[in-house]
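A.B. asks: what would the 3D arrangement of this be:
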Amino acid sequence: MALLSGATYTPAQSISHERKAFLAGVDGIESGNTRLKQSKNQLYQSEAIGHDILSDLQNQREIIGRGREMFAEQEDLHGNIDGKLQSMGFNQTLNKYMCWIIVFLLVA
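C.D. replies: Coordinates of the predicted model:
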C-alpha cells in the first residue's frame, strides 16, 4: 500500500517489519511455552492428588476387608456361644428332672 501512495520503500523498513513479525512470533512462542509449563504443573498436581485419593481408597478397602473378616469371626463365635448356651439349658432341665426323679424315688 505504501508503494501505491507514492511513499518510498526502503530495505530498512522491510527489516524492521520482519523483525517486528519475528519478535511477535517469539512472544507468541514464549506465551505458549509459559501456558504449557503451567498446564504441565497443573497436570503434576492433579496426578499427585489422584495418587493420594487412590492410596486413601486402598487403605479404606483394606479396613473394610478387615472389618468384614472380624464380623464373620464374631458371627461364628456368636453361633458357637448360642449352641453352648442351648446345650447348657438342656442339661440344666435334664438335671432338674433327674433330681425330681431321685427325690420321688427316695420319698416313695
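A.B. asks: any weak-confidence spans in this structure?
C.D. replies: Residue ranges of the chain with pLDDT under 70: 1-13.
A.B. asks: switch the cut-off to 50
C.D. replies: Of all residues in the chain, those with pLDDT under 50 make up the ranges 1-3.
A.B. asks: do a quick rundown of the helices in it.
C.D. replies: 11-107 (DSSP state H).
A.B. asks: L106 versus Q86, what's the distance?
C.D. replies: For Q86, the distance to L106 (Cβ to Cβ, to the nearest Å) stands at 31 Å. Any C-beta I mention is one placed from the backbone N, CA and C, and that applies to glycine too.
A.B. asks: and the two? which has more neighbours close in?
C.D. replies: Taking neighbours as other Cβ atoms under 10 Å, Q86 and L106 compare with Q86 leading, 10 against 7.
A.B. asks: distance of the more buried one from S39?
C.D. replies: According to Cβ to Cβ, Q86 stands 69 Å off from S39.
A.B. asks: repeat that for H51.
C.D. replies: Going from H51 to S39 by Cβ to Cβ gives 19 Å.
A.B. asks: repeat that for Q45.
C.D. replies: In terms of Cβ to Cβ, Q45 sits 11 Å off from S39.
A.B. asks: enumerate every residue touching G25.
C.D. replies: If you count contacts by Cβ atoms under 8 Å, 6 or more residues apart in numbering, G25 has none.
A.B. asks: can you count the residues close to N41?
C.D. replies: By the measure other Cβ under 10 Å, the count of residues near N41 is 10.
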